[in-house]
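Novice: Okay, sequence plus prediction incoming.
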Amino acid sequence: MMAEGRAELRDAEARVAALEGARQAAGEARAKGDAARAEAEALERAVRTAAAAAAIFGKGGAQRRLAEGALGEIEGQANELLGECEIPLSVRVQWAREGSGVAASCSACGEPFPRSEKAKVCARCGAERGPNIVHSLSIDPSAQSGGARDLAGIFVQLAAAAWLVADRDAEWGCALLDEPTATLDSFNRRALSAHFSQILSRVGCTQALVISHSSDAMQGLPGRIEVVSDGQWSTARVTA
Ligand SMILES: [Zn+2]
C-alpha cells in the first residue's frame, strides 16, 4: 500500500510540475502578445502622426499655401510683362489641379480613405472626401503653339527671378538667357527683342547675358559681341 501511495504521489508531483511549466509558458506567451500589441499600437500612432504631419506640412498643406501665394504673384507679373510687350498671350501658373477620381487620403487629417469611392467622409475626422488633387506645377499659356509655350516659359522664369530678387531683398539680379527667341515667329521675336532691356531691368536684372543666333533679337540690347564664322575661321567683334 505504501509503495502504491508513493507512486501516486510521484505521478501527482510530475503532473503539478507539468502544469506549472504550462502555466509559465502561457504567461510568457501572454507577455509576448502584450508587447506585440503595444508595439502595433505605437506603430499605428506613428503612422497617424506622419499622415497628419504630411497633411499639414506637405504638398497639399503649408507647401501649397506658400507656393500658391508666390505663384499668384509670379503669374500676375508674367502677365503684366507680356502686356507691356504687347504680346497677345497670357499665362496661368498653378500648383495643384483636379485629377480624375477621389482623394486617396483626407486633406484635413491625412487618414487614408478606403480604395472604394463609396466612402464619402473621413472615418477619423468626418471631413468630406474631396476630388483627387494632383500637386505638380503647371504653366498654361492661353495659346498652344510651341512658340507660345516658350514665350510663356521665358516670362514666367523672368517673373520668378523678379520674385526671388524681391523676396531675398537682393541688391542685384543676373539673367542668363540662351536662345530665348529661337522658336518664336518674327512678330513675337521682334516684340520680345524690342523690350528686352526694359523687361530685364523691370525684373531686377542689372546684368544679363543673352545668347542668340538671331541678330534682330540682339538689336535692343545695350552691348553686343557678334561672332561670325566663315566655315574655317571665326571672327568676334564688338558691335555696340
Ligand atoms: Zn480626416
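Specialist: Perfect, thanks for sending it.

Novice: near the ion, which residues of this protein?
Specialist: Taking C-beta under 5 Å from the ion as the contact definition, the chain meets the ion at 106, 108-109, 111, 122, 124-125, 127. (Glycine included, C-beta is placed from N, CA and C.)

Novice: so where's this protein uncertain?
Specialist: 1-2 (pLDDT under 70).

Novice: ok so, going back, any idea which of the residues of the chain next to the ion has the most stuff around it?
Specialist: residue 106 (23 neighbours; other C-beta atoms under 10 Å).

Novice: how close does it get to residue 18?
Specialist: Using C-beta to C-beta, to the nearest Å, residue 106 is found at 54 Å from residue 18.

Novice: what's the answer for residue 35, then?
Specialist: Counting by C-beta to C-beta - residue 35 and residue 18 are separated by 26 Å.

Novice: can you list contacts of stretch 111-124?
Specialist: Contact with stretch 111-124 is made by 48, 51, 101-106, 108-109, 125, 127-129, as judged by C-beta atoms under 8 Å, 6 or more residues apart in numbering.

Novice: Tell me which stretches of the protein form helices.
Specialist: 2-57, 62-84, 146-167, 186-202, 215-218 (DSSP state H).

Novice: next one: stretch 76-88 to chain centre, how far?
Specialist: The chain centroid and the centroid of stretch 76-88 are separated by 26 Å, computed with C-alpha atoms, centre = their mean, to the nearest Å.

Novice: buried sites along it?
Specialist: Residues of stretch 76-88 classed as buried by neighbour count (16 or more other C-beta atoms under 10 Å): 77-79, 81-82, 85, 87.
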